[in-house]
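Participant: I'd like to go over a predicted model; first the sequence, then the structure.
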Protein chains: 6
Amino acid sequence: MREVQIECGYLESNPASILYRSGKTIVLCTASVESNVPPWMVGRGKGWVTAEYNMLPGSTSPRKRRERGGKIDGRTTEIQRLIGRSLRAVVNLEALGERSITVDCDVLQADGGTRTASITGGFIALSLAIANLAANPDPDPEAKPVVVADVLPRSVAAVSVGVIDDAVVLDLDYVLDSAADVDMNVIMTGDGRFIEIQGTGEEATFDDEQLAQMLRLAKKGIGELTELQKKAIG
Amino acid sequence: MREVQIECGYLESNPASILYRSGKTIVLCTASVESNVPPWMVGRGKGWVTAEYNMLPGSTSPRKRRERGGKIDGRTTEIQRLIGRSLRAVVNLEALGERSITVDCDVLQADGGTRTASITGGFIALSLAIANLAANPDPDPEAKPVVVADVLPRSVAAVSVGVIDDAVVLDLDYVLDSAADVDMNVIMTGDGRFIEIQGTGEEATFDDEQLAQMLRLAKKGIGELTELQKKAIG
Amino acid sequence: MREVQIECGYLESNPASILYRSGKTIVLCTASVESNVPPWMVGRGKGWVTAEYNMLPGSTSPRKRRERGGKIDGRTTEIQRLIGRSLRAVVNLEALGERSITVDCDVLQADGGTRTASITGGFIALSLAIANLAANPDPDPEAKPVVVADVLPRSVAAVSVGVIDDAVVLDLDYVLDSAADVDMNVIMTGDGRFIEIQGTGEEATFDDEQLAQMLRLAKKGIGELTELQKKAIG
Amino acid sequence: MREVQIECGYLESNPASILYRSGKTIVLCTASVESNVPPWMVGRGKGWVTAEYNMLPGSTSPRKRRERGGKIDGRTTEIQRLIGRSLRAVVNLEALGERSITVDCDVLQADGGTRTASITGGFIALSLAIANLAANPDPDPEAKPVVVADVLPRSVAAVSVGVIDDAVVLDLDYVLDSAADVDMNVIMTGDGRFIEIQGTGEEATFDDEQLAQMLRLAKKGIGELTELQKKAIG
Amino acid sequence: MREVQIECGYLESNPASILYRSGKTIVLCTASVESNVPPWMVGRGKGWVTAEYNMLPGSTSPRKRRERGGKIDGRTTEIQRLIGRSLRAVVNLEALGERSITVDCDVLQADGGTRTASITGGFIALSLAIANLAANPDPDPEAKPVVVADVLPRSVAAVSVGVIDDAVVLDLDYVLDSAADVDMNVIMTGDGRFIEIQGTGEEATFDDEQLAQMLRLAKKGIGELTELQKKAIG
Amino acid sequence: MREVQIECGYLESNPASILYRSGKTIVLCTASVESNVPPWMVGRGKGWVTAEYNMLPGSTSPRKRRERGGKIDGRTTEIQRLIGRSLRAVVNLEALGERSITVDCDVLQADGGTRTASITGGFIALSLAIANLAANPDPDPEAKPVVVADVLPRSVAAVSVGVIDDAVVLDLDYVLDSAADVDMNVIMTGDGRFIEIQGTGEEATFDDEQLAQMLRLAKKGIGELTELQKKAIG
């Protein structure tokens, strides 16, 4: 697995911001809190967590065209829905109260694994935002007090695995990802349960044995990432 | 598994059209062939297969707002990308020659499992279109002749499985799907290899044992669907 | 005039759904009721009826591009405005109370006359929806009770007529429509009064005598359609 | 019928521009020529004529929202399609050669009858543009020479008629139009043949006798407009 | 400086409308009042003034494509923001009360200087609208009474200056503007203070001395325009 | 003036990338080269330089909504047009040959002065890209060789100045900018000539003396920035 570096509080404007590096992949994750929820959730006493994912034009070579002033690319939509779903899976929305948290994952440099880095890093930004809410109680007496352990009873991390020439490989960078016959993203809780599995044969197929090997390797990787997350959050 | 009914040649305007019913879910699948490929594929001697998915407004109660004159919903984008990817996984694009096939999956009535029905039914429409190409050779002497077994060496079918109150369930209709803790779509070839697995815990998680049970059940269902596909195509 | 077949209650999800066939033209008409009105009508004690028209991609050969993710075609806009206007002309909106009905006309197969089929079939779906409202009174004591004869005092049907090589022709299919010099859509009530006349010389013109002949023929056709509507609604 | 005033050559930038006033309705009509045709018409030796219609924000009180940066209103689309169709009906596109003419109809002040004023005035602008093409032959020896009488063998004018309280009325201004039970636009050639008839009962219906009266009145009005057009074009 | 002609009350539909001509440039300016403010300003007791700028298709030769049904051009956005900002700079929004005024500047013919003509002419339309508000008090007793001198304590006018072949030139028409190395728009109050300066070297640069000369010339021109405005408003 | 820090080669994916900090404002500038020009410039032997500006959602507190899937904000359009114009003013497009350079300015943290930082930093990224082109000649023998001094004969830098309570201030951060009565952006070449001046009184006006003071201060600041640019480029 590639080396991971985590810089918490990267932006002064928002303490719940981190710069997450996994090898050459760099993602800026920021969690922003609002003290209201989308219209369709008002009055249910629950909060909401959503995510937005974006690759900066300079993150790839050749330059990636900016998604702006028109339709959002299908790939972008899929990825940000996955990040949001994965984060919500470990949040107790009732304990959050009627607040919204948006986790922005902006990819500064892309070298494979940007969606799994966004989930793993996004969870850290989310944790910092919730810790911040707990440390700075809302002066409004009607606002629900935040208890970190209630809102975030579990952690989440993600990693990619794949099959290249019949060998099973962990944490694919761009070169490996391009060569992979099968590509799988595994998202798990810190205590080893599955949140989501997405495995795709790219013009190829895979069998039970390969699936089992990929899942074993993914679990190992997620275990390591969970340790790094704990250290970063402190 | 719900009863499946397949009506081939449903539209006179296009023999590669089927009405696919799985319980109360009804999908009209049509495969349309064009004798050219998208600009980015010209001159590579390969064909292209893509899919579009749509739910008609009357397919649900209450009425579903028409996706038109604006952004396409993220869910729709995800589903039609999945259908296209799954179909391409069993097509030999070189053997197809420089032709494009669009598989339209229009849901007339939705009662759960519309994406898996679209893949299973879409494959039948695709097969009919390719058989049609083989039976009616292109008068253009430069056009690549179509051999069905070369273009479509395998078949593909899809089914959903889930976990409801710790029980593993096959082929979820709308009521079951709403109750499911875990929802998984499994897409496999007719000879039993995985093309894609997408399993999601909806505010829940799952463990290895549940995953294994879901995959066993999915394989059984896909075996049955493969038989029905063979009968329909003849 | 081409043979008309009407299948009421085609979708289990909505009893106010019909499959309307006129020759090879097939339109699925569904009427969906909501218990509120658009913002600009609130508080006026009146209801609203609107229509949406759409051709499915497989309805024509070659395939029709899906109108989605962008601008709606001018032809589509014109047709659905015409359908809505024609249906509203026979509805007493005060008697409907503050309810909205959307009539969706989705063309499964197009062989000419889709707009007139949508009006004639759409009226049947609308009638079924209103009969349904009368048969199942709203539990809300403030909701206006629905009396079918008050809400729908008249019926509406539509037919096309045209001039081909100086001969006047009724109910043009695609081949005839392409050959026509003059094309006219006539929309009338069941008791023989005009609701709308739209006659266009396509790179041609017409005189008083031809106009008179076309109107006579249209009246005859609409008389027959009115009988079929009565039978279908029962 | 309201008084009509026509100011030819209103803009110095384009001699084929007129300011057309009918009562308080003011429309600026400009015909712009390009020496090519839309992609789908190239190489067929024919020209193209199209129209665009727009109401300026200050043309009504209260102010009309500008149609910009989003969807075009259905009413606008319908009107500009009608203007284009009506003008093309009197143009010999083969005699025009591979040229495009866009007739812009910008409503400076709206007091009813803007669509019929746009057709009647738009024809004058179109005539001026074609006369201009004939007077200033294209230096390109391959360009088709323009002969006015060949390109424009007929003229076109339009007028509205309606039924108000059972009386038939010619040329409705805004107040009359709002009161009308039936509203009909009649578009005819200068020699008295129909190009298009669009009659609509607004929450009302009409019978054969009323239709006949409206058409008689419309013919009379169009006769007068045709004379005014002749004078303006000279 | 080119000759300026101002026709107040050009449209009967809105007395606060003027036709402003500066040489061959013709702009129709209309000021429309609404008795409410945008949502983000409600309840602050202040009014709002905004502007929209548009060039009609026939205003240039060749024809300018209509900005409709899509993105607004960057140039248009910049210009209408500038007009709005310049007008707001001389309005006391508190004295206006909770009303909105939209100043529409539609260019009928463009021969350079359309943005400065829009500001100078737009101010006249705005003055007429405010005079009209003062002359016709709102019957609503809660509406703030309008006192012209309080709402509009100053006037605003604008002119362009430039450098062509090292000579400083006032009020550039299209030909001069195309030849200019430096182009500067100066917006000043009637009593000689700067509201906005926008100077741009088009593939050229300028020095302090040239800047000083341009500003002197601009002041002279704005003095003359201020006199013309006073006469027009009366 | 705030302290400026420049980190060249910030992204491994593109050596022409810099992280530019001015106080708390952080902008990532990347210059990407393509070996072709926009369609409207092909065949003229000239290159093109353009810029895109974007604020990341986490760059401000509260979070800035992402400009995506719809219209681009007018402010963004204005700023990126200004950056592009300013950079092109110092580039010899003929000497660049038929190549396009896009300078992306993504604001990671915004504390005032993001547009001037984007110009000053964008010039450095542009210089690095051109140096890179010179150091790595295009293998295509028809490609124009790049000579840095020919393509970039001058440098450009920008700074803001303003008037707060009658005092003239250099390089406004967010707090100062909000308090300023007058806000002016000055863009100059390294040898002290003006490229662009944009001065705006925000609900205020300014006189000749204040203008002169602001320009003096701006020149001093730009002199310092020019030195920092030289050091960074080396």
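Facilitator: Happy to help now that I have it. Residues are numbered from 1 along each chain as shown, chains lettered A, B, ... in the order given.
Participant: Look up how far chain B lies from the spatially closest residue to A:K24 that is not a sequence neighbour.
Facilitator: Of all residues not flanking A:K24 in the chain, A:D111 sits nearest, at 3.8 Å (Cβ to Cβ, 6 or more residues apart in numbering or on different chains). For every residue, glycine as well, the C-beta is placed using N, CA and C. Using Cβ to the nearest Cβ, to the nearest Å, we find A:D111 at a distance of 23 Å from chain B.
Participant: Over to A:K220?
Facilitator: Taking Cβ to the nearest Cβ, one finds A:K220 at 14 Å from chain B.
Participant: tell me the contacts of that residue?
Facilitator: Under the criterion of Cβ atoms under 8 Å, 6 or more residues apart in numbering or on different chains, the neighbours of A:K220 are A:L170.
Participant: backbone phi and psi for it, please?
Facilitator: Main-chain dihedrals, A:K220, degrees, to the nearest 10: phi -60, psi -50.
Participant: now what about stretch A:36-43, what contacts it?
Facilitator: A:R44, A:K46, A:G47, A:W48, A:E98, A:R99, A:S100.
Participant: between these, which is nearest chain C?
Facilitator: Nearest to chain C out of these is A:R44 (Cβ to the nearest Cβ; 21.2 Å).
Participant: Need the pLDDT of that closest one.
Facilitator: If you check A:R44, the pLDDT there is 94.
Participant: Enumerate every residue touching it.
Facilitator: Contacts of A:R44 (Cβ under 8 Å, 6+ apart): A:V37, A:E98.
Participant: Next: A:G190.
Facilitator: A:R154, A:S155, A:V156, A:A157, A:T226, A:Q229, A:K230.
Participant: and the gap between it and A:R154?
Facilitator: 6 Å (Cβ to Cβ, to the nearest Å).
Participant: now swap in A:T30 and tell me
Facilitator: 22 Å.
Participant: more crowded one of the two?
Facilitator: A:T30 (29 against 16; other Cβ atoms under 10 Å in any protein chain shown).
Participant: quick one: that one is in a strand?
Facilitator: Yes: counting by DSSP: H, G, I helix; E, B strand; the rest coil, A:T30 is found in a strand.
Participant: any low-confidence regions in chain A?
Facilitator: Filtered on pLDDT under 70, chain A yields the residue ranges A:69-71.
Participant: near chain B, which residues of it show up?
Facilitator: For chain A, the contact set with chain B under Cβ under 8 Å from any Cβ of the partner chain comprises A:71-72, A:74, A:77-78, A:81, A:85, A:88-89, A:184, A:189, A:193-201, A:203-208, A:211, A:215.
Participant: Would you agree A:I164 is in contact with A:A179?
Facilitator: Yes: because the distance of 5.2 Å satisfies Cβ atoms under 8 Å, A:I164 is recorded as touching A:A179.
Participant: Between those two, tell me which one has more neighbours.
Facilitator: A:I164 (16 against 12).
Participant: Which neighbouring residues are in contact with the more buried one, exactly?
Facilitator: Contacts of A:I164 (Cβ under 8 Å, 6+ apart): A:L176, A:A179, A:A180, A:D181.
Participant: just A:G192 next, same as before
Facilitator: With Cβ under 8 Å, 6+ apart, A:G192 has these contacts: A:K219, A:I222, A:G223.
Participant: Can you flag the buried ones in those?
Facilitator: A:K219, A:I222 (16 or more other Cβ atoms under 10 Å in any protein chain shown).
Participant: any idea which of the contacts of A:G192 is the one closest to chain E?
Facilitator: Checking those one by one against chain E (Cβ to the nearest Cβ), the nearest turns out to be A:I222, at 43.8 Å.
Participant: Roughly how far does the residue nearest the centre of chain A sit from A:A157?
Facilitator: The residue lying closest to the centre of chain A (Cα atoms, centre = their mean) is A:I119, at 1.0 Å. A:I119 sits 7 Å away from A:A157, going by Cβ to Cβ.
Participant: which neighbours do those two share?
Facilitator: A:I187.
Participant: circling back to that earlier point, so among the contacts of stretch A:36-43, which ones count as buried?
Facilitator: Looks like the contacts of stretch A:36-43 have A:K46, A:G47, A:W48, A:E98, A:R99, A:S100 buried, using 16+ other Cβ under 10 Å.
Participant: Narrow those to those in strands?
Facilitator: A:W48, A:S100 (DSSP state E).
Participant: Contacts only, for A:G97.
Facilitator: A:G45, A:K46, A:G47, A:A143, A:K144, A:V146.
Participant: hmm, 7 Å instead?
Facilitator: With contact set as Cβ atoms under 7 Å, 6 or more residues apart in numbering or on different chains, A:G97 has these partners: A:G47, A:A143, A:K144.
Participant: A:R154 now?
Facilitator: A:R154 neighbours (Cβ under 7 Å, 6+ apart): A:V90, A:T189, A:G190, A:D191.
Participant: Tell me, how many residues neighbour the first one?
Facilitator: Under the neighbour criterion other Cβ under 10 Å, A:V90 is assigned a count of 23.
Participant: With the second one instead?
Facilitator: Residues within reach of A:T189, counting by other Cβ under 10 Å, total 20.
Participant: I'd say it and A:V156 touch.
Facilitator: Yes: between A:T189 and A:V156 there is a contact under Cβ atoms under 7 Å: 5.9 Å.
Participant: Alongside chain F, which residues does chain A contribute?
Facilitator: A:11-14, A:17, A:24, A:28, A:30, A:32, A:52, A:56-63, A:66-69, A:71-72, A:102, A:104, A:106, A:108-109 (Cβ under 7 Å from any Cβ of the partner chain).
Participant: I only care about the residues you listed that end up buried; give me the ChimeraX line for that.
Facilitator: In ChimeraX syntax, the buried subset of the residues of chain A next to chain F is picked out as below (16+ other Cβ under 10 Å):
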select /A:11,13,14,17,24,28,30,32,52,56,57,58,59,60,63,66,67,68,69,71,72,102,104,106,108,109
